[in-house]
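Q: Predicted model and sequence follow; I will ask about them next.
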Amino acid sequence: MKRQDGFPDGFIWGCSTSSYQIEGAAAEGGKGPSIWDTFAHTPGKVAEGHSGDRACDSYHRWNDDISLLKELNAGAYRFSVSWPRIQPEGRGVPNQAGLDYYSRLLDALAEAGIEPWLELFHWDLPQALEEAGGWRSRDTALRFQEYAAIMYGHIGDRVRHWTSMNEPWCAAFLGHLTGEHAPGMRDRVAATRAAHHLLLAHGLAARAYRQSGLAGEYGLVINPSKPRPATLRPEDLAASERASIERTSLWLDPVFGRGYPQGFVERFGGDLPVEAGDMDIIAAPLDFIGVNYYNEEAVRAAAQGPDNPYGFEPVPTYQKKTEMGWEIEPQGLRRILEYIAENWPCRVLFVTENGAAFPDVPGPDGIIRDYDRIEYLEGHIAACREAISHGVPLKGYFVWSLLDNFEWSYGYTKKFGLAGVDPSDRKRRPKLSFYYYRDRIAGFCP
Ligand code: IFM
């Protein structure tokens, strides 16, 4: 039956999660520590001293997650593999218990008819590699290639959609420039080196995938942004241009074989540890780009200094905000998709994350009627439909997130899930938005 909502047949509807945010079992099954285990256990780094030690306990309750996905009738589930579960020290022979965990998950997804979207890296770098220089070191990119090859060899035949990594901007800049994320550094040179090695790791892993002979689709997930200038003053226009380069072209230009953007090279090129051949590796052919979008913002020029390493800053805007303080601007999703489709030769785009944190206060009956999240999702899904009608090759949409989970430095204080997770027994409790999304997936939303 033809869909009533204007989305093409075959459009992929899914949900996203990530390993450290949901798995828990931080020291079980032979898993080694990651930089997020270390960071979360460092006093003052995460709200209320929270950590991913137990998270949603998906290491044990993965079946509950699959039941939710089945109830949604989701076509796809995007999850990440915990590198230190596979290689506790970030190198060497794989840990069988770790491989078995993902193998069980894949079997159950196959049985449920849900397409796995496997992501190799969502920020939980093995701590042992951090101690050897982390993403500042070229060797980490080589170790990533080794880890990727292990995954291709063990489960490659059961996964048709692969992504190397999630939002390398966050790993490089939040991790090494502002220190909000693990490993918590505040050093521009470190951030620039990390950016290059993340891209190199992506390229090495993508090339290894092609060489493996596997025939799935391979992509990279970024969180692009093209902030509005706060005013038309030249310095604010330049600030918005710089912000857009760091969030968007710094990643897409090299991946599409154009090298690093001039605006970045002029400022930080001396810190980019590029070696002969790197740019070709980074430009390994891709099947799709994943776009994570939450908000737009407006920026103005600001004095660069220890408290503002970017040299630009967001300005308050009039739009309604989510619990993260992020403005709600569905048309921003359409704009960024169109901007990417017009400026880079992407054959296919997916919205690999979109969603919002809200207070989620339960009613007297215990049910969370999260109308604000429903309105957010409805607006952004409508923006996707508009982008498609304007010619954007958008082929799917994933909600962030299936579950309330560990929201990095905010711990469990910010909730993005379609389902809550009871802290006492880890039971999943669908919110009203869960049923909204189920109906939206079905193509009929009353
Ligand atoms: O929770 C994160 C996710 O890990 C990466 N993208 C943004 C989400 C919300 O902040």
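A: Perfect, thanks for sending it. Residues are numbered from 1 along each chain as shown.

Q: What about the closest residue to E407 other than its chain neighbours, how many residues nearby?
A: Excluding the flanking residues, the one nearest E407 by Cβ to Cβ, 6 or more residues apart in numbering is K414, at 4.2 Å. All C-beta spots, glycine's among them, are computed from the backbone N, C-alpha and C. The tally of other residues near K414 (other Cβ atoms under 10 Å) stands at 21.

Q: list the contacts for K414?
A: E323, M324, A357, E407 (Cβ atoms under 8 Å, 6 or more residues apart in numbering).

Q: Quick one, which of these are buried?
A: The neighbour count (16 or more other Cβ atoms under 10 Å) marks E323, A357, E407 as buried among the contacts of K414.

Q: near the ligand, which of the contacts of K414 show up?
A: E407 (Cβ under 6 Å from any ligand atom).

Q: any idea which of the contacts of K414 is closest to G52?
A: E407 (10.4 Å; Cβ to Cβ).

Q: these two touch, right, the closest one and A357?
A: Yes - in this structure E407 lies within contact range of A357 using Cβ atoms under 8 Å: 7.1 Å.

Q: Now find how far off-centre stretch 389-409 is within its chain.
A: Chain-centre distance of stretch 389-409: 9 Å, with Cα atoms, centre = their mean, to the nearest Å.

Q: What of stretch 196-208?
A: With Cα atoms, centre = their mean, you get 17 Å for stretch 196-208.

Q: same thing with stretch 170-182?
A: Taking mean C-alpha positions (Cα atoms, centre = their mean), stretch 170-182 and its chain are 14 Å apart.

Q: Give me the residues contacting that stretch.
A: 34-36, 38-40, 45, 121, 123, 125, 135-136, 165, 183-188, 190-192, 194-195, 198, 223, 246, 309-310, 408-409.

Q: contacting residues around the residue in the stretch 201-350 of the chain that the ligand sits nearest to?
A: Relative to the ligand, the nearest point of the stretch 201-350 of the chain is N292 (5.2 Å; Cβ to the nearest ligand atom). When contacts are counted by Cβ under 8 Å, 6+ apart, N292 touches N166, E167, V221, I222, N223, V351, T352, E353, N354, W400.

Q: change it to 10 Å
A: Contact analysis of N292 by Cβ atoms under 10 Å, 6 or more residues apart in numbering lists 16, 166-167, 169-170, 221-225, 350-355, 398, 400.

Q: hey, where'd the strands end up in the chain?
A: 12-16, 76-80, 115-121, 161-166, 217-222, 228-229, 288-292, 298-301, 312-314, 349-353, 394-400, 419-421, 428-430 (DSSP state E).

Q: what about the second one, near the ligand?
A: No - using Cβ under 6 Å from any ligand atom, strand 76-80 stays clear of the ligand, coming no nearer than 8.8 Å.

Q: by contact count, what packs against that strand?
A: strand 12-16, helix 19-22, helix 58-72, helix 96-112, strand 115-121, strand 161-166, strand 349-353, strand 394-400 (3 or more Cβ pairs under 10 Å, 6 or more residues apart in numbering; DSSP states H and E).
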